[in-house]
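>>> give me the fold of what follows.
(one chain, ligands or ions: 1)
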Amino acid sequence: MNCAEFVELVTEFLDGSMSESAELSCVVHLARCEGCETYLDQFRQTTAALGGTLPGPGIPAAAREQLLEAFRGATRP
Ligand SMILES: [Zn+2]
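The predicted model follows:
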């Protein structure tokens, strides 16, 4: 996954409507790319300001954060 692909998928990532494998690709990209992490944060804040979206059937937010932390540890020792 590259940045353009991530940006394209960010809505699906946030509402959990993407497949688990695609979601994992996003998490891996986020762990390595500070720009997209910032983008995601801003996007999430904007979405929340607009009323937010309900959590979808994908990886629960907490588990996703844990995954992100784990990948971060692996890629940024
Ligand atoms: Zn990126």
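>>> what residues does this structure put near the ion?
Cys3, Cys33, Cys36 (C-beta under 5 Å from the ion). C-beta coordinates here come from the backbone N, C-alpha and C atoms, glycine included.
>>> need the contact list for the spatially closest residue to Phe13 that is not a sequence neighbour.
Using C-beta to C-beta, 6 or more residues apart in numbering and skipping the chain neighbours, the partner closest in space to Phe13 is Cys26 (4.9 Å). The contact partners of Cys26, by C-beta atoms under 8 Å, 6 or more residues apart in numbering, come to Met1, Phe6, Leu9, Phe13, Met18.
>>> which one (most neighbours) among these?
When neighbours are counted by other C-beta atoms under 10 Å, Phe13 leads these with 25 neighbours.
>>> ok, now which ones touch it?
By C-beta under 8 Å, 6+ apart, the neighbours of Phe13 are Phe6, Glu23, Cys26, Leu40.
>>> for those residues, work out which two are farthest apart.
Largest separation among those by C-beta to C-beta: Glu23 and Leu40, giving 12.4 Å.
>>> and of the contacts of Cys26, the nearest to Gly51?
Phe13 (18.1 Å).
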